[in-house]
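Visitor: here is my input, please return the structure:
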Amino acid sequence: MNLASINISAILPAVVLSVFGIAVMVAEPFVTDRKKSKLGWLAFSGTLAGMLALVPMADNGGQWYSNLWIVDDYNIFFNFIFLLIAAVTILTSLDFLRRENMNHAEFYALLLFATAGMLMMSGSNELMMIFLGLEILSIATYVMAGFRRTDLKSNESALKYFLLGSFSSAFFLYGVALIFGATGSTNLLAIKESIRSADIPMSLVYLSAALMLIALCFKVAVAPFHIWTPDVYEGAPTPVTGFMSVGPKAAGFAVLFRVFLTAFPMIEDRWVSALWLVAALTMVLGNVIALVQPNIKRMLAYSSIAHAGYVAVALTSASNRGGSAALFYLLAYSLMNLGAFAVVTILSRSEDKKVQLTDYAGLGAKRPGLAAVLSLFLLSLAGVPGTAGFAGKFFIFRAAVESHLVWLAIIGVVTTVISFYYYLYVIVQMYMREPNEEFSDVRVAGSLKVALVVSAIGTLYLGILPTRVLDWTTTAALNGLK
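Guide: You can find the predicted model right below:
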């Protein structure tokens, strides 16, 4: 390897998270049980240090480590999203872990390692590197899903996620093997050039693309690869559910966009047709099934499936405008969904005893602040004007129409209207039903207040003043999706 291609600054955020994750594990035996939360704050400091590390990373754009790693605006934008998700998840988890008597520092280390895996996925210019990042993320998430070891639902959640996730990893790896056999390379740019110029067996290319598409569709939970999502989300600890609903989803889409728009533009007509069906089916199934869910975690699980469908619409457009809209929407969705799950974490009580939609009756009268912020996040998820969700959907549907995907845009708009029912149903419970309880045992820790404030401000800012962030996502799409 050419020493000139080695640059620690290019991978600094991932290195920082790994170092802090190791530091949390090493320090854990020396910290008493009552002070384990300090290690959570150490992990939170790691995410902030990772964000600071983006500054020197941004000054070292280009391809490094023999073209294994690429630094561009696309990678930096996703790094910011992943670090933000990790930071908010830690803030949401601090009080939750104390409350549930499972305040183990390993949780924070796993979260940091999972985030480092996501950083690797977005920055890799090589399919094997993407696979390594995918496995680092997946293994850490499997363990976090089953972190409540005495709960059968949590154990079932982890086992189901592990088994189905292993199948998806096998699909991805088999696809990588086939494309290597066809082109002699696993580098994205080299694959693109081989498909464009060489006489290679296209049947292997088609099969490879199909296998990798299936694997990544599982990770982002789009139909018909979404079956695992409701059970896994319901059984996992609530902060982990919030993390899984946004983190692995954003990482999966980062890889989907990078791989298919960089390596497979020559067979765009094949995978775009498949994605059209996937996006339409996902939006319809996610929103329709969410209508009948009595459990708020399952309702938000099907909601997350539907939102993955909206991002798939942007990918189907296969344009820079669509890529920019997708990046914007992933940031917006991360903020509003993490905020919603933070409120669910507060209200769910010990062992998630209060997660039925009817448990929220009268919340507006007893705890108006919590009801207000949850209403904001739900209205944003629905797509009410003035919120991040509306701006994101508008940009996605505009990109679809400009790419002549009019029917897909119409399906998206109709399903968005359907989604208003189940989001507004929660708000009706909070403000128009008599309270079943006093909510006197509900306490909001300082860390949770910070998480809610960050999510709420981000949701409103992206909805009211989206231009600056949209300019960033446009630049990221132009530089990263070539």
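
Visitor: what packs against the least confident helix or strand in the chain by mean pLDDT?
Guide: Least confident element among the helices and strands of the chain, by mean pLDDT, DSSP states H and E: strand 62-64 (a mean of 80). Other helices and strands packing on strand 62-64, by 3 or more Cβ pairs under 8 Å, 6 or more residues apart in numbering; DSSP states H and E, are strand 69-71. To be clear about C-beta, it is placed using only N, CA and C from the backbone, and glycine gets the same treatment.

Visitor: show me what the next helix-or-strand element following the strand it packs on is packed up against.
Guide: Sequence order places helix 73-99 as the next helix or strand after strand 69-71, per DSSP states H and E. Contacts defined by 3+ Cβ pairs under 8 Å, 6+ apart place helix 73-99 against helix 12-27, helix 37-58, helix 106-123, helix 238-262, helix 320-347, helix 446-464, helix 467-480.

Visitor: can we see that at 7 Å?
Guide: Packed against helix 73-99, as judged by 3 or more Cβ pairs under 7 Å, 6 or more residues apart in numbering; DSSP states H and E, are the following elements: helix 37-58, helix 106-123, helix 238-262, helix 320-347, helix 446-464, helix 467-480.

Visitor: chain neighbours aside, what residue packs nearest to Leu331?
Guide: In space, and not counting its chain neighbours, Leu331 is closest to Ile81: 5.5 Å by Cβ to Cβ, 6 or more residues apart in numbering.

Visitor: is it true that that neighbour touches Ala332?
Guide: No. Ile81 lies out of contact with Ala332 (Cβ atoms under 7 Å); the separation is 10.3 Å.

Visitor: more neighbours: which of those two?
Guide: Neighbour totals were compared for Ile81 and Ala332, and Ala332 leads with 28 against 22 (other Cβ atoms under 10 Å).

Visitor: wait, that one sits on Phe390?
Guide: No. The criterion here is Cβ under 7 Å, and Ala332 misses it with Phe390 at 9.2 Å.

Visitor: residue ranges of the strands in the stretch 101-250 of the chain, please?
Guide: Under the criterion DSSP state E, counting those that start in this stretch, the stretch 101-250 of the chain carries no strands.

Visitor: which stretches of it aren't confidently modelled?
Guide: Within the stretch 101-250 of the chain, the segments meeting pLDDT under 70 span 198.

Visitor: let's see 50
Guide: Regions of the stretch 101-250 of the chain meeting the criterion pLDDT under 50 are absent.

Visitor: tell me the contacts of Leu370?
Guide: Going by Cβ atoms under 7 Å, 6 or more residues apart in numbering, Leu370 touches Val343, Ile346, Leu363.

Visitor: host element of it?
Guide: Using DSSP H and E, Leu370 maps to helix 368-382.

Visitor: after that helix, next one along is what?
Guide: Per DSSP H and E, the first helix or strand lying C-terminal to helix 368-382 is helix 388-402.

Visitor: helices and strands around the following helix or strand past that following helix, which ones?
Guide: Downstream of helix 388-402, the first helix or strand assigned by DSSP H and E is helix 406-432. If you count contacts as 3+ Cβ pairs under 7 Å, 6+ apart, helix 406-432 packs onto helix 268-290, helix 296-317, helix 363-366, helix 368-382, helix 388-402.

Visitor: so which bits of the fourth one are buried?
Guide: Which is helix 368-382. For helix 368-382, a neighbour-count test (16 or more other Cβ atoms under 10 Å) marks Leu370, Ala371, Val373, Leu374, Ser375, Leu376, Phe377, Leu378, Leu379, Ser380, Leu381, Ala382 as buried.

Visitor: do the same with the third one
Guide: Of the residues in helix 363-366, those with enough neighbours to count as buried (16+ other Cβ under 10 Å) are Leu363, Gly364, Lys366.

Visitor: repeat that for the longest one.
Guide: Of the residues in helix 268-290, those with enough neighbours to count as buried (16+ other Cβ under 10 Å) are 270-272, 275-276, 278-287, 289-290.

Visitor: which of the buried residues of helix 363-366 lies closest to Leu213?
Guide: Nearest to Leu213, judged by Cβ to Cβ, of the buried residues of helix 363-366 is Leu363 at 41.7 Å.

Visitor: turn the buried residues of helix 363-366 into TSV, including distance to Phe20 and pLDDT.
Guide: Formatted as TSV, the buried residues of helix 363-366 follow (distance: Cβ to Cβ, whole Å; pLDDT from 0 to 100):
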residue	distance to Phe20	pLDDT
Leu363	37	84
Gly364	40	84
Lys366	39	85
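
Visitor: contact partners for the nearest residue to Met144 once chain neighbours are set aside?
Guide: The spatially closest residue to Met144, leaving aside those adjacent along the chain, is Val240, at 4.7 Å (Cβ to Cβ, 6+ apart). Applying Cβ under 7 Å, 6+ apart to Val240 gives the contacts Met144, Ala145, Phe147.

Visitor: do Tyr206 as well
Guide: Neighbour list for Tyr206: Ile267, Arg270 [criterion: Cβ under 7 Å, 6+ apart].

Visitor: which residue of the chain sits farthest from its center?
Guide: Asp199 (38.0 Å; Cα atoms, centre = their mean).

Visitor: so Met121 touches Phe253, yeah?
Guide: No. In this structure, Met121 is not within contact of Phe253 by Cβ under 7 Å, at 10.2 Å.

Visitor: flag every buried residue along the least confident helix or strand of the chain.
Guide: Under the neighbour-count criterion of 16+ other Cβ under 10 Å, strand 62-64 has Gln63, Trp64 buried.

Visitor: next one: it to chain centre, how far?
Guide: 25 Å (Cα atoms, centre = their mean, to the nearest Å).

Visitor: what lies in contact with it?
Guide: By Cβ under 7 Å, 6+ apart, the surrounding residues in contact with strand 62-64 are Ser5, Ile6, Asn7, Ala10, Ile70, Val71, Asn125.

Visitor: quick check on those: which are buried?
Guide: By neighbour count, with 16+ other Cβ under 10 Å, the contacts of strand 62-64 hold Asn7, Ala10, Ile70, Val71, Asn125 as buried.

Visitor: could you find the closest non-adjacent residue to Val401?
Guide: Nearest residue to Val401 in three dimensions, chain neighbours excluded: Ala409, at 5.1 Å (Cβ to Cβ, 6+ apart).

Visitor: pretty sure that neighbour sits against Phe397.
Guide: Yes. Using Cβ under 7 Å, Ala409 makes contact with Phe397 at a distance of 4.6 Å.

Visitor: more neighbours: which of those two?
Guide: The neighbour comparison of Ala409 against Phe397 (other Cβ under 10 Å) goes to Phe397, with 24 against 20.

Visitor: isn't Val442 up against Leu347?
Guide: Yes. Val442 is in contact with Leu347 according to Cβ under 7 Å; the separation is 6.2 Å.

Visitor: which one's more surrounded, those two?
Guide: Ranked by neighbour count (other Cβ under 10 Å), Val442 and Leu347 place Leu347 first, with 21 against 16.

Visitor: mind listing what that one touches?
Guide: Taking Cβ under 7 Å, 6+ apart, we find Leu347 in contact with Lys354, Val442.

Visitor: that one and Arg196, how far apart?
Guide: As judged by Cβ to Cβ, to the nearest Å, Leu347 and Arg196 stand 54 Å apart.

Visitor: same check on Trp64?
Guide: 25 Å.

Visitor: go on, Ala53?
Guide: 36 Å.

Visitor: try Asn187
Guide: Going from Asn187 to Arg196 by Cβ to Cβ gives 14 Å.
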